[in-house]
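**Student:** Sequence first, then the predicted structure:
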Amino acid sequence: MQANVMVGLPAHDSGSLLFRAIFTNASPSSVAELASWLLFNKNVVAVPEMRPEPLRISMKPEEIFSRVVGNAFDFLGKALAEFEKEPKYSVINFHAAVELFLKARLMREHWSLVVSKPEIADWKQFISGDFHSVTIREARTRLDSIVQDGISQQQYDSFLRLTGHRNRMVHFFHQGQHDKKSELQKIVAEQCRAWYYLHQLLSHQWAETFTDYQKQIKAFDKEMRMIRHYLKAKFEDLTAVIADKVKGNVAFHKCPSCGFKSLQEDGLEFECLVCDLNKNGITLSCPQCAKSITMLGEPWQKCTKCGYTIEPDDVKAELTKDLFITKHNMYDLNHANCGDCEGYETIVEVDGQWFCTQCFTRFEISDISQCGWCNEYTTGDQEDSYWRGCGFCDGKSGWDSDKDKD
């Protein structure tokens, strides 16, 4: 089924609006949902910027990329504009924006990665919208396995939660829709979390891909901060709870997602009581000036007092300061390599769990195994590692190849 939908605008607008699959979820049902909204939304003429120009066969992938990113920002803007009066459409639009940014990253690698079956991808069908595009789940798999520039589990979980909310809003009665205060708080919290993770990708990990859009990203980040006040009532309701926990020596920090001092520290886990942001992290003393520094998600944070940049080795030194290697335990498992970030010997044991000092991912002991060839402990799938090796060796196949060269 072709996923193109022609939507006629009200009589006072002489044009008509063609929304193609590439600008939505690429599924006919999703395009139909947007078409239906456009037909019945009284303010449809207020968003003429969402009208794509006709696509040309001769268009270059860079032009398509720019249009997709531009449309993603349009959806973000519409999500903010609607969340108070039309929370349902705010959720739908925000979710569409997240999907488009993920697809744009895939498209920068190659346009066919956006197509659900890239092996039969056709350029003419692609620019005409006659295709099915990837879901968030599929996009994550391709970003990991093909682009080698994937998203973290926490980023993925946040986006999936947004997907679930969007699906309930579109297809079913959603409890809380008629409790405006509660619903607005939930939407703001959800969008603050999703934007926190999306902003990390766009302005840091994928900054090179979206280098021409950094001003827009910063501007939208400022707009997102403007809506945080809708969570103030929830924070005030939790004031007594937080005060009691502080008396019990529980540390709280300013949450980077919602902006309130509601981020509870529990060992290496940080969770916000207001917006539910959950991150791995650590608080340690600066090796240079001893100032307390809290880091979330990764090291490489500069000390605000002396300017020293915390490195993974500093985090490892802090977590292993009580570990002493002797002849009795030198062959025990006391560190491992990280298959997620390819950190060498960056994983250490902390209170029964294993923590990577480079990417701050936590693992269970069952996630760690030995490479069949080099015997290094590492995370990830080690099946057939004797032959193909691991992330830190080439296995027997590499060994044989080197011998043949000699």
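**Tutor:** Cool, the structure landed. The model shown is predicted, which means the values in this text are computed figures rather than measured ones. Numbering: from 1, shown residues only.
**Student:** which residues of the stretch 251-400 of the chain fall in strands?
**Tutor:** Along the stretch 251-400 of the chain, counting by DSSP state E, counting those that start in this stretch, strands occupy 252-253, 263-266, 269-272, 278-285, 292-296, 335-336, 347-350, 353-356, 362-363, 368-370, 377-379.
**Student:** Using TSV, lay out the ones you listed together with distance to G395.
**Tutor:** Yep, even glycine has a C-beta here, placed from its N, CA and C like the rest. What follows is the strands of the stretch 251-400 of the chain, written out as TSV (distance: least, Cβ to Cβ, whole Å):
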stretch	distance to G395
strand 252-253	44
strand 263-266	40
strand 269-272	36
strand 278-285	31
strand 292-296	35
strand 335-336	18
strand 347-350	21
strand 353-356	23
strand 362-363	23
strand 368-370	13
strand 377-379	13
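**Student:** Quick one, grab the pLDDT at the closest residue to C306 other than its chain neighbours.
**Tutor:** Nearest non-adjacent residue to C306, counting by Cβ to Cβ, 6 or more residues apart in numbering: C289, 4.2 Å away. Confidence at C289, expressed as pLDDT, is 95.
**Student:** what do you get for P28?
**Tutor:** P28 carries a pLDDT score of 40 in this model.
**Student:** which stretches of this structure form helices?
**Tutor:** 28-40, 61-82, 87-109, 123-128, 136-142, 153-171, 180-200, 214-226, 232-237, 239-247, 312-319, 385-388, 395-405 (DSSP state H).
**Student:** wait, which of those is closest to L333?
**Tutor:** Among the helices of the chain, the nearest to L333 by Cβ to Cβ is helix 312-319 (15.1 Å).
**Student:** Now for R161: which residues touch it?
**Tutor:** Residues near R161 by Cβ atoms under 8 Å, 6 or more residues apart in numbering: E190, R193, A194.
**Student:** In this structure the second one contacts C275, no?
**Tutor:** Yes - with contact defined as Cβ atoms under 8 Å, R193 counts as touching C275 (5.7 Å).
**Student:** which residues do these two both contact?
**Tutor:** Shared contacts of R193 and C275 (Cβ under 8 Å, 6+ apart): S257.
**Student:** Let's have the strands of the stretch 251-400 of the chain in a markdown table, adding mean neighbour count, mean pLDDT and distance to D149.
**Tutor:** Formatted as a markdown table, the strands of the stretch 251-400 of the chain follow (neighbours: other Cβ atoms under 10 Å; pLDDT from 0 to 100; distance: least, Cβ to Cβ, whole Å):
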| stretch | mean neighbour count | mean pLDDT | distance to D149 |
| --- | --- | --- | --- |
| strand 252-253 | 17 | 96 | 29 |
| strand 263-266 | 17 | 96 | 28 |
| strand 269-272 | 20 | 95 | 25 |
| strand 278-285 | 18 | 94 | 20 |
| strand 292-296 | 17 | 94 | 20 |
| strand 335-336 | 22 | 91 | 23 |
| strand 347-350 | 21 | 93 | 22 |
| strand 353-356 | 21 | 93 | 18 |
| strand 362-363 | 17 | 92 | 21 |
| strand 368-370 | 18 | 92 | 24 |
| strand 377-379 | 22 | 92 | 19 |
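**Student:** Pop out the phi and psi values for the nearest residue to Q358 once chain neighbours are set aside.
**Tutor:** Leaving aside its sequence neighbours, Q358 sits nearest to G343 (Cβ to Cβ, 6+ apart; 3.7 Å). Taking degrees, to the nearest 10, you get phi -80, psi 130 for the backbone angles of G343.
**Student:** Count the residues that sit near L201.
**Tutor:** 21 (other Cβ atoms under 10 Å).
**Student:** Tell me which residues touch it, please.
**Tutor:** Taking Cβ under 8 Å, 6+ apart, one finds F101, R105, I151, Q155 in contact with L201.
**Student:** Please report the distance of the last one from G352.
**Tutor:** What that stands for is Q155. The gap separating Q155 from G352 is 26 Å, by Cβ to Cβ, to the nearest Å.
**Student:** One more: the first one?
**Tutor:** When Cβ to Cβ is applied, the distance between F101 and G352 equals 37 Å.
**Student:** what's the neighbour count on C289?
**Tutor:** 13.
**Student:** close enough to count as contact, it and K305?
**Tutor:** Yes - C289 is within contact range of K305, at 5.1 Å (criterion: Cβ under 8 Å).
**Student:** ok so, going back, give me the more crowded residue out of F101 and G352.
**Tutor:** Using other Cβ under 10 Å as the criterion, F101 and G352 rank with F101 on top: 24 against 7.
**Student:** circling back: between the strands of the stretch 251-400 of the chain, which gets nearest to K186?
**Tutor:** When those are compared by Cβ to Cβ, strand 269-272 sits nearest K186, at 13.9 Å.
**Student:** strands paired with that closest one, and their directions?
**Tutor:** strand 263-266 (antiparallel), strand 278-285 (antiparallel) (DSSP bridges).
**Student:** Including distance to E183, could the ones you listed go into a markdown table?
**Tutor:** Formatted as a markdown table, the strands paired with strand 269-272 follow (distance: least, Cβ to Cβ, whole Å):
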| stretch | distance to E183 |
| --- | --- |
| strand 263-266 | 24 |
| strand 278-285 | 22 |
